[in-house]
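Asks: Whatever this is, show me its structure:
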Amino acid sequence: MSLKIYLAHPISGLTYDEVIGYYKKISRKLKKIGYEVFHPMTGKSAMRTDIKERFQPIDNKSEIATNHAIISRDTWMVRMCDILYLDLTGTQTISIGCVMELFGAYVLGKYTVVVMEKDNVHRHAFVVEAAGVIFEESKKALDYLKVLKEQTI
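Replies: Numbers count the residues shown, from 1 in each chain. This next block holds a predicted model:
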């Protein structure tokens, strides 16, 4: 059985290389297990990471980087997935995009796996209740996703 997983992770305030590095690393691990992986950077080379500029498109020529294009495509990928994996570890600023992706998955009845520390800035009733399961460490979450994938074959 092929399972599709959508990866969510804060982007604002990180460099392009940091964001791409994170998604490449996690994607490799999950593809090795057998997941089909989606994430918000698939097919994007343009993005806004500066918190002050995040409400504006990068430029008029970047149709894929408009506010509407970003939310439409990310919502489409969440709709296509079976599982949403949200890693919030180490975040210092609330990621509205990640919370929206989590809520979208919850409303659509997707299984949600969240990683965040006990004192994480995202620890809020809405996030906690929308999460199918919460782990404090990404290694434990990835181990769980491996077992979950192996047991659905």
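Asks: Going by C-alpha atoms from here, please, whenever you check contacts or count neighbours.
Replies: Noted.
Asks: Go through stretch 117-129 and flag the buried ones.
Replies: 117, 120, 121, 122, 127 (16 or more other C-alpha atoms under 10 Å).
Asks: The fourth one: what secondary structure?
Replies: The one in question is residue 122. Following DSSP: H, G, I helix; E, B strand; the rest coil, the label given to residue 122 is coil.
Asks: Report the contact partners of it.
Replies: 88, 94, 95, 116 (C-alpha atoms under 8 Å, 6 or more residues apart in numbering).
Asks: ok, the third one touching residue 13?
Replies: No - taking C-alpha atoms under 8 Å as the contact criterion, residue 95 and residue 13 are not neighbours in contact, 10.1 Å apart.
Asks: Quick check, central residue of this structure?
Replies: For the chain, residue 8 is the residue whose C-alpha lies nearest the centre (C-alpha atoms, centre = their mean; 0.5 Å).
Asks: Tell me the secondary structure of residue 85, please.
Replies: Under three-state DSSP, residue 85 comes out as strand.
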